[in-house]
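**Q** Predicted model follows, preceded by the sequence.
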Amino acid sequence: MSDLSSGDNLGRNLGKSIREIRLDNGLTIADVAQLAGISRGMLSKIENAQTATSLETISRLANALGVSLATLFRNCEMRVGSSQLVKSGEGMEVVRRGTKRGHTYHLLSYDQGPKKTFEPFLITIEQESEKFPVFEHPGTEFIYMLEGCIEYRHGQNTYVLSPGDALTFDGDIPHGPEKMIQCPIRFLAVLMYQNPVES
């Protein structure tokens with residue numbers, strides 16, 4: 001048997017799977033070691049990724065635990081991706097046209113590198129404005145209403161949006177609030193860019 005390096009993800013994932021399945025079934029190291037025909041010390045080393053072992057031994061461990069070999073290796077090919085959690089109320093407030101007129105924009109994802117593919121905003125409008133901003137931008141925009149009621153313009157068309165309504169449109173056509181029907185108004189606006197744009 002050879003020692004595993006600390007960077008051996010396969011050994012760590014295998015050991016973790018064996019330990020989790022063993023504990024889920026209420027089995028001790030001694031129970032599983034006896035069923036698999038190996039020593040308790042060897043099983044402890046396998047669970048802690050401190051030694052390499054043969055496929056035959058791993059097969060005996062799978063049988064002792066009552067699972068398939070595939071189950072033992074289920075986490076070994078799990079891809080690692082990036083993610084970002086923004087807790088309620090912690091979205092970064094940003095200034096856009098209209099924010100001085102009772103409109104608040106909270107950006108819900110903002111660590112996207114030098115080029116961005118989308119921007120999700122939570123937009124709150126507390127009071128009616130005399131003049132509403134008009135926006136134009138590349139890509140597609142998706143709006144989902146959470147609270148209140150608003151008449152929203154996109155080009156020559158207007159839409160009355162209430163909670164639960166969704167509107168998707170081309171961002172390069174002039175668009176924006178036309179009339180506040182019931183305040184306060186809250187909606188999600190997600191801007192999606194076909195070609196990533198500079199942050």
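**A** All right, it came through fine.
**Q** Contacts only, for the residue sitting furthest away from the middle of the chain.
**A** Largest separation from the mean C-alpha position in the chain: residue 37, at 42.6 Å (CA atoms, centre = their mean). Listed by CB atoms under 8 Å, 6 or more residues apart in numbering, the contact set of residue 37 reads residue 60. Glycine gets a C-beta too; all of them are placed from N, C-alpha and C.
**Q** swap in the one 3 residues further on?
**A** Each residue near residue 40 by CB under 8 Å, 6+ apart is listed here: 29-30, 33.
**Q** For ChimeraX, write the selection for the buried entries among the residues you listed.
**A** Entered in ChimeraX, the line below selects the buried ones among the contacts of residue 40, by 16 or more other CB atoms under 10 Å:
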select :29,33
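**Q** Which of the contacts of residue 40 sits closest to residue 178?
**A** The closest of those to residue 178 turns out to be residue 29 (CB to CB; 68.7 Å).
**Q** mind listing the helices for the protein?
**A** Along the chain, counting by DSSP state H, helices occupy 9-24, 29-36, 40-47, 55-65, 69-72.
**Q** Nearest approach to residue 188 belongs to which of those?
**A** Short answer: helix 9-24, nearest of the helices of the chain by CB to CB, at 36.8 Å.
**Q** domains for the protein, by residue range?
**A** The chain breaks down by automatic domain parsing into domains covering 9-72, 92-198.
**Q** distance between the first one and the chain's centre?
**A** Same thing as domain 9-72. Relative to the mean C-alpha coordinate of its chain, domain 9-72 is positioned 32 Å out (CA atoms, centre = their mean, to the nearest Å).
**Q** again, but for the last one
**A** Relative to its chain's centre, domain 92-198 lies at 22 Å (CA atoms, centre = their mean).
**Q** What helices and strands are in contact with the longest strand along the chain?
**A** Assignment by DSSP state E gives strand 175-198 as the longest strand of the chain. Under the contact criterion of 3 or more CB pairs under 8 Å, 6 or more residues apart in numbering; DSSP states H and E, strand 175-198 touches strand 115-125, strand 140-154, strand 157-161.
**Q** Any regions of this protein where pLDDT drops low?
**A** By pLDDT under 70, the low-scoring segments of the chain are 1-8, 75-84, 90-102, 110-115, 129-131, 196-199.
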